[in-house]
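*Asks:* my questions are about this predicted structure, shown below with the sequence.
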Amino acid sequence: MLAKKYKLTTVEIKDLFSKKERSFFSFKNTRNELFDIKYFSNPEIKENKYGVILSGKTFKKAVERNKIKRQIYSLIEKLEEKKGSFVLIYPKKIITNTTFQDLQKELYNVLNNNLNNYV
């Protein structure tokens, strides 16, 4: 499981979308068939932080939401560290029908390509 210091808190997520903090970060979106990802980058940040946001409207059961979060956080734990960004992951409904191996391939491709180019 991903250590707590690498997870975005609710307050940090709200701050990312406030007008005051938006000027502090550069911002980029990436879309995939399984999820949407937002990167907030700033060289002053010492370590990456990740957040997974799942809608209660899209994923009705808490069991589904928790399973997807656990899977994504376990995959993120194995990533190489690139410093200086906050990453928000928004899974889509189709993710419930994919296998763990497919999820791993897609997440690593998207994160490695975009974080390497972006940070």
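*Replies:* Nice, thanks for sending it over.
*Asks:* for the rest of this, base every contact and every neighbour count on C-alpha atoms.
*Replies:* Fine.
*Asks:* quick check: end-to-end length of stretch 36-49?
*Replies:* 16 Å (CA to CA, to the nearest Å).
*Asks:* no wait, stretch 58-65
*Replies:* Note: stretch 58-65 ends 9 Å apart using CA to CA.
*Asks:* quick check: buried residues in that stretch?
*Replies:* F59, R65 (16 or more other CA atoms under 10 Å).
*Asks:* can you check stretch 69-87 too?
*Replies:* K69, I72, Y73, L75, I76, K83, G84, S85, F86, V87.
*Asks:* from the chain's centroid, how far away is it?
*Replies:* 7 Å (CA atoms, centre = their mean, to the nearest Å).
*Asks:* can you dump the C-alpha coordinates of it into CSV?
*Replies:* The C-alpha trace of stretch 69-87 is given here as CSV (Å, rounded to 0.1, in the frame of the first residue of the first chain):
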residue,chain,number,x,y,z
LYS,A,69,-8.3,2.6,-5.2
ARG,A,70,-6.3,-0.2,-3.6
GLN,A,71,-5.3,-1.5,-7.0
ILE,A,72,-4.2,1.9,-8.3
TYR,A,73,-2.3,2.8,-5.2
SER,A,74,-0.5,-0.6,-5.2
LEU,A,75,0.6,0.1,-8.8
ILE,A,76,1.7,3.6,-8.1
GLU,A,77,3.9,2.4,-5.2
LYS,A,78,6.1,0.5,-7.7
LEU,A,79,6.6,3.6,-10.0
GLU,A,80,10.0,5.3,-10.3
GLU,A,81,10.0,8.6,-8.4
LYS,A,82,9.9,11.8,-10.5
LYS,A,83,10.0,14.8,-8.2
GLY,A,84,7.8,17.8,-8.4
SER,A,85,4.2,16.9,-9.2
PHE,A,86,0.8,16.1,-7.8
VAL,A,87,-1.2,13.5,-9.8
